[in-house]
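*Asks:* below are the sequence and a predicted model; questions follow.
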Amino acid sequence: MGILSALSRLPRPTRAVTVLTAAALALAGCGGSSLNQSGGGQSGGDVKVGLLLPLSGVYAPLGQEMRAGFQLYLDQHGGKLGGRTIKVVTADEGGGPQTGVPAGQKLVTQDQATVVVGVVNSATALGLRDFFDESKKLLVIANAGADAITGARKSDYIWRTSFSNGAVAATLGPEVAKEVKGKVYLIAPDYAAGKEMVAGFRKSFEAAGGEVAGEKFTPFGTTQDFQPYLSTIRGSGAKAVWSFYSGAEAVGFVKQYKEFGLAGKTPLYGPGFLTEGGVLDAQGRDAIKVKTSLHYSTELDNPRNKEFVAAYRAKVGKPPTVFSVQAYDAAAVLDKALAKASDTSAPELVKALNGIGPIDSPRGQWSFGADHNVRQQYYLREVKSSGGTFVNAITGELG
Ligand code: BEZ
């Protein structure tokens, strides 16, 4: 199929991003059949790491937490990974693929980064997938959970240190089906991650005998007033609500859930992003009793986590989050891969990543699966007050 005819079959936003990808590949001199087979690696000396993180938009706080996590690992290792001095160059992912895709491409084509680390938004990850795959450049995703990235559209050059949307959401389904006597309402933002989180939760929840009262996708990145949706939820007669929101949207949703009088009467569940880090500080008491599934909490009782939380607090002045851990672990992964690889070309780094073994992380030990996604433990968490602040207490293990 010709490129123009293939493009005409894509939905309009995806098409725009794909055209940008083709242009960037051409600029990098690695489009179509003339792909750069060497991967552009350096044989010695410094390594440039491109950090692609949201520094603006509803996910900006997540970007700051990831930058702090990556930097902490570097500081603890004398600014080196695998014995090589690291130069970090940062680009703003912004609110989604319109800004994130060109920013990611620029890190490779203009800034000549050996590896790009980061990406919060699933739609950005999906928009960048072909660029990294076709230009044979290494991308280590430290958040975005788009299922296809480590599923149907897996690439040799893309690895993930976080989670997949379907998996992190699905872990809570059987628990909610067991706890809630009645139907549950599902609500999430209207973009790739929201759709996949809802689908993942719904599948495991219904398989465990749960029933859905209704489902709503709210405009992503622009919804500030959740009252109309909360009113629909109340009218649905749902006995509980499951929702995926993160960053500024999570703060707005949980606070308005309380203001609207649903908290305390209609239990609220969701993936842990709903009550994570700075978000929980802003929600405060309004988040009490919210139950979530996630692969991290500051409250995890293991020596590695205790040491990490203390070091992060000392450097950043606040507790770490799942986003800081995912970026910290991306640095740990690169540390191992750079130490093992015979040079810094992407094919050599990929070879090293394939045999990297377990990662000793603050979240507990994890390892890459054959799909380049994380194999890890998920936890059931509940927001509780502790010593004048609020924490995601671990109340059990999931899936
Ligand atoms: C995502 O777009 O994949 C995502 C964003 C924030 C938190 C979790 C997932």
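*Replies:* That came through, no problem.
*Asks:* which bits of this structure sit near the ligand?
*Replies:* Where the chain comes near the ligand, counting by Cβ under 6 Å from any ligand atom, the residues are 59, 120-122, 143-145, 165, 193, 246, 273. Placement of C-beta: from N, CA and C, glycine included.
*Asks:* kindly recompute the last result at 5 Å.
*Replies:* 121-122, 144-145, 193, 246, 273 (Cβ under 5 Å from any ligand atom).
*Asks:* residue 366 in helix, strand or coil?
*Replies:* strand (DSSP: H, G, I helix; E, B strand; the rest coil).
*Asks:* that one against residue 375, yeah?
*Replies:* Yes. The pair residue 366 / residue 375 is scored as a contact, 6.1 Å apart, by Cβ atoms under 8 Å.
*Asks:* and stretch 81-99, how far from the chain's centre?
*Replies:* Stretch 81-99 has its average C-alpha position 15 Å from the chain's average C-alpha position, going by Cα atoms, centre = their mean, to the nearest Å.
*Asks:* please point out which parts of that stretch sit buried.
*Replies:* Of the residues in stretch 81-99, those with enough neighbours to count as buried (16 or more other Cβ atoms under 10 Å) are 81-82, 84, 86, 88-99.
*Asks:* what residues go with each domain of this structure?
*Replies:* Taking automatic domain parsing as the domain assignment, the ranges for the chain are 4-163+301-368, 167-294+379-397.
*Asks:* least reliable of these going by mean pLDDT?
*Replies:* Ranked on mean pLDDT, the bottom entry among the domains of the chain is domain 4-163+301-368, at a mean of 87.
*Asks:* backbone phi and psi for the residue found closest to residue 160 once you drop the neighbours it is linked to in the chain, please?
*Replies:* Taking Cβ to Cβ, 6 or more residues apart in numbering as the measure, residue 160 lies nearest to residue 141, with 4.4 Å between them; neighbours along the chain are not counted. Per-residue torsions, residue 141: phi -80, psi 120 (degrees, to the nearest 10).
*Asks:* so residue 141 sits against residue 158, correct?
*Replies:* Yes. Because the distance of 6.6 Å satisfies Cβ under 8 Å, residue 141 is recorded as touching residue 158.
*Asks:* what's the overlap in contacts for those two?
*Replies:* Overlap between the neighbourhoods of residue 141 and residue 158 consists of residue 149, taking contacts as Cβ atoms under 8 Å, 6 or more residues apart in numbering.
*Asks:* which of the two has more neighbours?
*Replies:* Set residue 141 next to residue 158 and count neighbours by other Cβ atoms under 10 Å: residue 141 wins out with 30 against 23.
*Asks:* show me what contacts that one?
*Replies:* Contacts were defined as Cβ under 8 Å, 6+ apart; by that measure residue 141 touches 118-119, 125, 149, 158-162.
*Asks:* which one of those has the most neighbours?
*Replies:* Top of these by neighbour count (other Cβ under 10 Å): residue 118, with 33 neighbours.
*Asks:* contacting residues around that residue?
*Replies:* Contacts were defined as Cβ under 8 Å, 6+ apart; by that measure residue 118 touches 50-53, 63, 66, 93, 141-143, 327, 330.
*Asks:* apply 6 Å and report the result again.
*Replies:* 51-53, 142 (Cβ atoms under 6 Å, 6 or more residues apart in numbering).
*Asks:* contacting residues around the residue lying closest to it once chain neighbours are set aside?
*Replies:* If you skip the residues right next to it in sequence, residue 118 has residue 52 as its closest partner in space, 4.1 Å away by Cβ to Cβ, 6+ apart. Residues touching residue 52, when contacts are defined by Cβ under 6 Å, 6+ apart, comprise 91, 93, 104, 116, 118-119.
*Asks:* dump the residues you listed into a markdown table; add secondary structure as well.
*Replies:* Formatted as a markdown table, the contacts of residue 52 follow (three-state DSSP):
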| residue | secondary structure |
| --- | --- |
| 91 | strand |
| 93 | coil |
| 104 | helix |
| 116 | strand |
| 118 | strand |
| 119 | coil |
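*Asks:* can you tell me which of those residues is closest to residue 70?
*Replies:* Using Cβ to Cβ, residue 118 is the member of the contacts of residue 52 that lies nearest residue 70, at 8.2 Å.
*Asks:* how much space between residue 263 and the ligand?
*Replies:* Residue 263 is 22 Å from the ligand, where distance means Cβ to the nearest ligand atom, to the nearest Å.
*Asks:* ok, how many other residues are close to that residue?
*Replies:* Going by other Cβ under 10 Å, the residues that sit close to residue 263 add up to 21.
*Asks:* residue 366 too?
*Replies:* As a measure of burial, residue 366 has 17 neighbours, counting by other Cβ under 10 Å.
*Asks:* nearest to residue 201, of the buried residues of stretch 81-99?
*Replies:* Within the buried residues of stretch 81-99, the smallest distance to residue 201 is 22.5 Å, found for residue 96 (Cβ to Cβ).
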